[in-house]
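# quick one, what's the 3D model for this:
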Amino acid sequence: MITIGITVLSLFDGKSGGQISLDELGIKVDKYLASEIKPHAIKVTQHNFPDTIQLGDVTKVKYIDGVLYSESGTYEVGKIDLVIGGSPCQNFSMACIKEKRLGLEGEKSKLFYEFLRILEEVKPKYYLLENVASMDKNSQEQLNEYMGVKGFMINSLDVLPQIRKRLYWTNIPFDKEKISKREASFNLQSILEYGYTPKEYSSCLLEGHSRPTADKLRLTRRHLEKNFIPIVYESKEHYEKLIEHYNKYYRGKSAKEVDAIRDSIDNSIYDGVRILTAAEMERLQGVPEGYTSTVSRNESASLLGDGWSIPVIKFILSHMNFEEVLHNDIHIDSSKDLGMDFNNIYNQNYI
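Numbering: from 1, shown residues only. Predicted structure coming up:
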């Protein structure tokens with residue numbers, strides 16, 4: 001445990017995955033300041049880390065000469081050692097409908113410029129930014145240029161039984177090839193509370209999984225045809241019988257064709273499928289079990305689908321040099337270290 005604590009500013013804090021990671025690494029945090037607006041995210045964070053200073057809307061956060069201004073108050077924080085955040089991905093992600101996939105021009109994803117602004121104001125020793133790997137090449141090159149470092153991809157499947165490709169921009173020096181790989185026995189079946197899955201690992205948890213359909217046939221079809229959402233069967237026998245039924249009546253048919261015939265078929269076998277529980281989703285993200293227990297299953301899915309894979313973040317943050325952080329005033333020298341003239345970027349693209 002580091003005896004002298006650090007000060008952390010987390011933007012778009014969500015379920016506070018950065019705080020979980022620092023805590024599990026045994027890194028002492030004197031102040032953890034979080035910018036977040038979702039009530040269920042704040043509720044979960046404050047239940048687990050009651051000393052968290054909640055700042056509210058990121059657009060209202062400003063740092064000047066050791067003082068942090070926010071809509072929740074003004075805080076004398078001194079120097080901030082670490083700035084972290086996962087800026088909204090909605091306008092970058094392949095999961096976004098084509099009309100709204102606008103990159104940095106999108107209403108949600110342009111909040112990246114707030115991260116950039118605050119990073120320039122704070123000039124911390126270390127920073128970490130995360131976003132989806134499914135963004136197009138142009139968007140990735142823009143973020144590389146603005147951040148002044150090249151984003152690198154880590155798939156959470158390396159450490160967890162979930163496909164989750166994410167890009168990370170950081171000045172923390174480490175070799176991503178040295179991340180500890182998960183063992184084959186740590187698979188999707190091993191994290192289930194009950195039931196059966198034939199899959200070794202899950203598709204990516206998404207915020208949209210917080211709004212699952214109650215229609216079990218439709219749920220199953222989305223899983224089998226598009227691998228859109230993880231589902232669990234009652235048993236191996238149930239799975240085999242269901243697949244036989246599905247292949248006989250529905251395989252290869254469009255949604256419209258399925259709806260046209262479904263009422264004439266006994267579909268009771270689909271009643272036995274289920275979605276993942278909150279505990280199972282926590283395990284898929286490496287989050288302590290019960291961490292999101294203060295909110296509903298669907299609210300938990302919202303936070304976990306939007307959040308960080310804890311083992312990945314722990315791996316990155318574990319390479320920070322704390323002797324340097326705690327005993328030297330070494331910070332980013334100026335906005336040129338972020339790749340471009342900051343004021344020009346912010347004024348032209350965001351305001």
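# this protein: helices as residue ranges?
For the chain, applying DSSP state H gives helices covering 17-25, 39-48, 112-122, 137-147, 188-191, 216-226, 236-249, 255-261, 278-284, 297-306, 310-317, 322-327, 342-349.
# would JSON lines of the ones you listed with distance to Lys176, mean neighbour count and mean pLDDT be doable?
All C-beta atoms are positioned from the backbone trio N, CA, C, and that covers glycine. As requested, those are arranged in JSON lines below (distance: least, Cβ to Cβ, whole Å; neighbours: other Cβ atoms under 10 Å; pLDDT from 0 to 100):
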{"stretch": "helix 17-25", "distance to Lys176": "16", "mean neighbour count": "22", "mean pLDDT": "97"}
{"stretch": "helix 39-48", "distance to Lys176": "28", "mean neighbour count": "18", "mean pLDDT": "98"}
{"stretch": "helix 112-122", "distance to Lys176": "21", "mean neighbour count": "22", "mean pLDDT": "93"}
{"stretch": "helix 137-147", "distance to Lys176": "16", "mean neighbour count": "17", "mean pLDDT": "89"}
{"stretch": "helix 188-191", "distance to Lys176": "24", "mean neighbour count": "18", "mean pLDDT": "98"}
{"stretch": "helix 216-226", "distance to Lys176": "30", "mean neighbour count": "17", "mean pLDDT": "95"}
{"stretch": "helix 236-249", "distance to Lys176": "36", "mean neighbour count": "14", "mean pLDDT": "98"}
{"stretch": "helix 255-261", "distance to Lys176": "40", "mean neighbour count": "11", "mean pLDDT": "97"}
{"stretch": "helix 278-284", "distance to Lys176": "21", "mean neighbour count": "23", "mean pLDDT": "98"}
{"stretch": "helix 297-306", "distance to Lys176": "23", "mean neighbour count": "22", "mean pLDDT": "96"}
{"stretch": "helix 310-317", "distance to Lys176": "8", "mean neighbour count": "22", "mean pLDDT": "97"}
{"stretch": "helix 322-327", "distance to Lys176": "21", "mean neighbour count": "14", "mean pLDDT": "53"}
{"stretch": "helix 342-349", "distance to Lys176": "27", "mean neighbour count": "14", "mean pLDDT": "50"}
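# gap between the residue sitting nearest the centre point of the chain and Ile27?
Nearest to the geometric centre of the chain sits Gly307, at 2.6 Å (Cα atoms, centre = their mean). Distance, Gly307 to Ile27, by Cβ to Cβ, to the nearest Å: 19 Å.
# closest to Lys178 out of the helices of the chain?
helix 310-317 (8.3 Å; Cβ to Cβ).
# quick one, the closest one and helix 17-25 angle?
80 degrees (axes from the mean of the first three to the mean of the last three Cα atoms, to 10 degrees).
# now for helix 310-317, which elements pack on it?
If contacts are counted by 3 or more Cβ pairs under 8 Å, 6 or more residues apart in numbering; DSSP states H and E, helix 310-317 sits against helix 17-25, strand 126-132, strand 165-170.
# can you list contacts of it?
By Cβ atoms under 8 Å, 6 or more residues apart in numbering, the residues outside helix 310-317 that reach it are 17-18, 20-22, 24-25, 27, 82, 128, 154, 156, 158-160, 166, 168, 170, 172, 174, 179-180, 285-287.
# ditto for stretch 211-223
By Cβ under 8 Å, 6+ apart, the list of residues contacting stretch 211-223 reads 228-231, 242, 246, 250, 255, 258, 262, 267, 270-271, 273, 275, 298, 301.
# if we can go back for a sec, quick one: the helices of the chain as CSV, columns for distance to Glu76 too.
As requested, the helices of the chain are exported to CSV (distance: least, Cβ to Cβ, whole Å):
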stretch, distance to Glu76
helix 17-25, 21
helix 39-48, 21
helix 112-122, 14
helix 137-147, 29
helix 188-191, 43
helix 216-226, 51
helix 236-249, 59
helix 255-261, 57
helix 278-284, 36
helix 297-306, 30
helix 310-317, 25
helix 322-327, 19
helix 342-349, 25
